[in-house]
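In: here you go, sequence then predicted model.
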Amino acid sequence: MTFNNNAITQQHNWVIVQDVTKETAAAAGLCCATNDWVSPDDANVIVHSKLISAVESKQITFQCHNLTMFGTFIVTP
């Protein structure tokens, strides 16, 4: 997947969280500018990217650990 940060000045990252926890994870991350705005002890965060600078793109790769692990990936515009 390619993550394009189309912002003009702001850095952004990409975070996958447990179902129905995005607001909780976002609020917890407000304390953690030096950790890509993700609380290191937040059990709701599954994985996150590093901060990506404005108008920058990065490739993000997903890997399965084994064949019995399943999940749902929902994209909403």
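Out: Sure thing, it's come through.
In: C-alpha from now on. contacts and neighbour counts both.
Out: Will do.
In: now do the helices in this protein.
Out: Taking DSSP state H, the helices of the chain run over residues 22-29.
In: low-confidence ranges in it?
Out: Applying pLDDT under 70 to the chain flags the ranges 62-75, 77.
In: which residue is nearest the middle of it?
Out: Of all residues in the chain, the one closest to the mean position by Cα atoms, centre = their mean is Val15, 1.3 Å from it.
In: the residue nearest to it when sequence neighbours are not counted and Asn13, how far apart?
Out: Distances taken as Cα to Cα, 6 or more residues apart in numbering place His48 nearest to Val15, at 4.2 Å, with adjacent residues excluded. For His48, the distance to Asn13 equals 7 Å [Cα to Cα, to the nearest Å].
In: ditto for Gly29
Out: 11 Å.
In: pull the number of nearby residues for the residue lying closest to Ala26 once chain neighbours are set aside.
Out: Leaving aside its sequence neighbours, Ala26 sits nearest to Val38 (Cα to Cα, 6+ apart; 7.6 Å). By other Cα atoms under 10 Å, the residues close to Val38 number 24.
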